[in-house]
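Engineer: Could you look at this predicted model? Sequence included:
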Amino acid sequence: MTSLEQPVDSLPKIEDTSDRLLANLHVRFVAALNDRKDSFHYWTSQHLRVSGMYWGCSALFLLNRSASVFNADDIIAFTLECQNSDGGFGGNHGQASHMLYTLSALQVLALYRGLDKCRRDDAVAWIAARQKSNGSFEGDEWGEVDTRFPYIALNALQILGRVDAINIEKAVEWILLCQNWDAGFGVSPGAESHAGQIFCCVAALCIANSLHRIDVDRLANWLAFRQLPSGGLNGRPEKKADVCYSWWVMSSLSTLQRLDWIHKDALFEYIFACQDAEDGGIADKPGNMPDVYHTFFGLCGLSLLGYQPSDPTIELREINPVYALPYDVLEELGITAERGLNVGRRSSALDVVR
């Protein structure tokens with residue numbers, strides 16, 4: 001490990017409550033996001049409104065509080081208005097279709113059981129049309145290509161029940177070209193390894209039933225070395241910790257069945273130290289301003305590692321590390337074990353049952 005950060009024992013401590021997870025404050029923080037229309041953050045995030053809604057709604061689903069905060073019909077109606085005539089979804093009303101926002105929109109509709117209300121065939125056609133002859137995918141009509149987009153295509157098409165609409169083998173072959181000598185993956189062949197891209201590639205390979213084509217232990221070792229003395233995780237060597245990597249790193253380790261390669265309690269302490277004890281929400285680093293992105297991914301990290309609240313009134317649901325959706329939602333969609341339904345902690349639990 002590097003010495004970029006202070007040890008976990010020196011991190012600021014959150015005042016003791018009935019539970020270290022300030023769940024009620026986080027619910028209040030997410031619920032108030034739409035009311036802060038005078039804030040800088042509100043206006044600078046309008047271009048990714050759909051993704052912000054996915055992060056916020058998913059955070060509430062993890063805490064099992066969504067039904068008491070947001071109106072499902074309103075959420076579905078807004079999301080449907082973001083579907084364009086070409087079949088893809090934009091980040092807000094009237095914005096161009098992009099793979100990132102298309103996946104977020106479909107995840108939101110899956111959460112609220114509204115997929116039957118979107119133009120599914122048009123969405124499938126738009127996503128499939130993003131695949132290039134070499135197996136890679138572009139993010140939009142302007143042609144940006146990187147490893148996020150094969151994952152998005154596989155995830156979104158599985159949600160829609162149409163993963164057969166693309167050439168899966170060609171996508172897998174291109175993803176494997178993006179693996180580096182250090183076992184990590186970059187945005188494209190030859191690009192630097194990064195935890196975010198590794199998540200995309202590992203999850204895509206899992207959906208494609210192709211994880212056997214990589215060296216799991218070498219990749220898990222690269223990921224395990226992302227933990228710093230603070231307990232937090234970084235995305236690549238010589239960078240500082242950030243709460244979001246509680247998802248990008250831990251989801252991959254969960255899929256690879258190597259969660260025990262991380263010091264769990266130290267990561268718990270780092271995430272707790274990033275909470276805002278007054279207004280709720282989780283920040284990227286201790287003492288910084290919280291936002292919905294880091295709030296969701298901080299909760300994801302706790303969920304992936306099986307954090308058990310001591311307060312019986314607090315619930316933290318399990319999240320699937322491949323699809324970033326609750327397991328029960330995936331079951332309703334008909335996702336199979338072959339396509340990544342039971343990866344993560346659920347896989348370990350099933351092994352115990354067997």
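Structural biologist: That came through fine.

Engineer: Count the neighbours of residue 312 for me.
Structural biologist: Taking other Cβ atoms under 10 Å as the criterion, the count of residues near residue 312 is 8. For the C-beta atoms, the positions are set from N, CA and C on the backbone; glycine is no exception.

Engineer: What confidence value was assigned to it?
Structural biologist: Here the pLDDT value assigned to residue 312 is 89.

Engineer: what about it, distance to residue 23?
Structural biologist: Remark: distance between residue 312 and residue 23 (Cβ to Cβ, to the nearest Å) = 12 Å.

Engineer: Once you drop chain neighbours, what's closest to residue 180?
Structural biologist: Using Cβ to Cβ, 6 or more residues apart in numbering and skipping the chain neighbours, the partner closest in space to residue 180 is residue 193 (5.0 Å).

Engineer: again with residue 89
Structural biologist: Among residues not flanking residue 89 along the chain, residue 105 sits closest, at 3.9 Å (Cβ to Cβ, 6+ apart).

Engineer: Can you report how many residues lie near that neighbour?
Structural biologist: For residue 105, using other Cβ under 10 Å, the count is 28.

Engineer: Please apply the same query to residue 313.
Structural biologist: Neighbour count for residue 313, taken as other Cβ under 10 Å: 9.

Engineer: End to end on stretch 86-106, go ahead and measure it.
Structural biologist: End-to-end distance for stretch 86-106, by Cα to Cα, to the nearest Å: 15 Å.

Engineer: Now stretch 315-335: buried residues?
Structural biologist: Residues 316, 318-327, 329-330, 333, 335 are the ones in stretch 315-335 that count as buried (16 or more other Cβ atoms under 10 Å).

Engineer: Ok, stretch 60-71 next?
Structural biologist: Within stretch 60-71, the residues scored as buried using 16+ other Cβ under 10 Å are 60, 61, 62, 63, 65, 66, 70.

Engineer: From the chain's centroid, how far away is it?
Structural biologist: Relative to the centre of its chain, stretch 60-71 is centred 18 Å away, using Cα atoms, centre = their mean, to the nearest Å.

Engineer: Stretch 228-245 too?
Structural biologist: The answer for stretch 228-245 is 17 Å, by Cα atoms, centre = their mean.

Engineer: Could I get the average pLDDT for that stretch?
Structural biologist: The pLDDT scores in stretch 228-245 average 98.

Engineer: What residues sit buried inside that stretch?
Structural biologist: For stretch 228-245, a neighbour-count test (16+ other Cβ under 10 Å) marks 228-236, 239, 241-245 as buried.

Engineer: Closest to residue 298 out of the residues you listed?
Structural biologist: residue 243 (4.6 Å; Cβ to Cβ).

Engineer: Quick check: the closest one touching residue 273?
Structural biologist: No - counting by Cβ atoms under 8 Å, residue 243 does not reach residue 273; the two are 9.5 Å apart.
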